[in-house]
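**Student:** Below: sequence and its predicted model.
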Amino acid sequence: MIITNNDWVYQKFKDSCNVLFIKGSYRDVLVKVRDKIQEGHELLTHPLSSSLKPNETPYKSIIISENKGTLNFDSVYIIENSIMSYDKFNKNKLINLTDKIIEDFKLIDLTVLESALDI
């Protein structure tokens, strides 16, 4: 399952994968992933992957297991620490993003996701 706030990712994978589109922020994606992990899903990609810090991009796509299992404490630890890192870095919020910069961030997120999927 892909959880994303990037409409480019949603449009590209909605017909071939289970994609949950979040109309919200990077943090909203992290919180939804945390909720899913608490239900028994497992992280398959790291929530802070790529060289961009959480305050440097508004878009994030994360892959989690399709099926629920027992609570995976490694996934819990990673997602909780990712939310704390987001909050720490988000003291310096993004401002004044042009349409071109927004498109660049969407492309970076999509490319990182595709590399995880080996496409």
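**Tutor:** Arrived safely. Numbering: from 1, shown residues only.
**Student:** show me what contacts the nearest residue to Lys14 once chain neighbours are set aside?
**Tutor:** Spatial nearest neighbour of Lys14, excluding adjacent residues (C-beta to C-beta, 6 or more residues apart in numbering): Phe21 at 7.9 Å. C-betas here are computed from N, CA, C, even on glycine. Contact analysis of Phe21 by C-beta atoms under 8 Å, 6 or more residues apart in numbering lists Thr4, Asn5, Asp7, Tyr10, Lys14.
**Student:** Is there a quick PyMOL command that grabs whichever of those residues are buried?
**Tutor:** Listed next is the PyMOL selection for buried residues among the contacts of Phe21, using 16 or more other C-beta atoms under 10 Å:
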select buried, resi 4+5+10
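**Student:** which among the contacts of Phe21 gets closest to Lys53?
**Tutor:** Nearest to Lys53 out of the contacts of Phe21 is Asn5 (C-beta to C-beta; 16.6 Å).
**Student:** quick one: that closest one and Asp74, what's the gap?
**Tutor:** 24 Å (C-beta to C-beta, to the nearest Å).
**Student:** what do you get for Leu110?
**Tutor:** 26 Å.
**Student:** residues contacting the closest residue to Asp109 other than its chain neighbours?
**Tutor:** Excluding its sequence neighbours, the residue lying closest to Asp109 (C-beta to C-beta, 6+ apart) is Tyr59, at 4.3 Å. Going by C-beta under 8 Å, 6+ apart, Tyr59 touches Thr4, Asn5, Asn6, Tyr26, Phe105, Lys106, Ile108, Asp109.
**Student:** Contact partners for Ile78?
**Tutor:** Leu43, His46, Pro47.
**Student:** and these, which are buried?
**Tutor:** Leu43, Pro47.
**Student:** Just the ones of the contacts of Ile78 in helices?
**Tutor:** For these, not one is inside helices, with DSSP state H as the criterion.
**Student:** Columns pLDDT and distance to Thr70 on top of the contacts of Ile78, output as TSV?
**Tutor:** Output for these, formatted as TSV (pLDDT from 0 to 100; distance: C-beta to C-beta, whole Å):
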residue	pLDDT	distance to Thr70
Leu43	97	14
His46	94	21
Pro47	94	20
